[in-house]
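1. could you work out the structure for the sequence below:
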Amino acid sequence: MAKVGYARVSSVGQSLDVQRDKLSNCDKLFEEKRSGTTDGRPMLKQCLEYVREGDQLIVTRIDRLARSPLHLCQIAETLREKSVDLVVLDQNIDTSDATGRLLFNMLGAIGQFETEIRSERQMDGIKKARDRGVQFGKRPALTVNQIGELREKRADGTLIKDLMAHYGLSKATIYRYLAENEA
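-> Got it, this is the predicted structure:
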């Protein structure tokens, strides 16, 4: 049975020293400086590929492993399939026993709940802003008059490249304006 550690900080300016100290008992340590919200975490991938049946994956805090409850559940399932226990030091979780699995699942459920509540609040805020007339998204590059002018110039034979240069827009944007306003 190997003790495999995983340490992560979100940015290059942060230090892994505190996590390294807490994970000093590990036989192997995987470290990276990447955001937990990104899928591009090569050291986590290597760590999950490295662990074998009977090993323990040890992290200092659950948010070092995953920020998303869905991602956390996916990692937990991978570990379960490989018969690898998860130990979270700061939150005193050890999935090798029933109490640890219960606590882990409760924290995952609470994390999911928090995510959903935050999403509901965000949607409420967006609805209120729309009700007040706030417009979301990128502002249109052209006014209604400019769109009419663009269509007239194109109908008169102006080349797309000339329209691009005149309006400072990409070819795709020119074509989109022409297509959207044909109806």
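
2. can you pull the contacts of L150?
-> Applying C-beta atoms under 8 Å, 6 or more residues apart in numbering to L150 gives the contacts 142, 163, 167, 174, 177-178. (Each C-beta comes from the backbone N, C-alpha and C, glycine too.)

3. helices - which of those land there?
-> Using DSSP state H, the members of the contacts of L150 that fall in helices are 163, 167, 174, 177-178.

4. how about a markdown table for the contacts of L150, with distance to I58 and pLDDT added?
-> As requested, those are exported to a markdown table (distance: C-beta to C-beta, whole Å; pLDDT from 0 to 100):
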| residue | distance to I58 | pLDDT |
| --- | --- | --- |
| L142 | 57 | 90 |
| L163 | 60 | 93 |
| Y167 | 58 | 92 |
| I174 | 56 | 92 |
| Y177 | 56 | 90 |
| L178 | 59 | 90 |
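
5. returning to that earlier point: and the ones in helices among the contacts of L150, which are buried?
-> Neighbour counting with 16 or more other C-beta atoms under 10 Å marks 163, 167, 174, 177-178 as buried within the ones in helices among the contacts of L150.

6. ok, which pair from those is furthest apart?
-> Spatial extent of these (C-beta to C-beta) is set by the pair Y167 and L178 at 11.6 Å.

7. what's the burial count for N105?
-> Neighbourhood size, N105 [other C-beta atoms under 10 Å]: 13.

8. between the contacts of L150, which is closest to E32?
-> I174 (43.0 Å).

9. great, nothing more from me.
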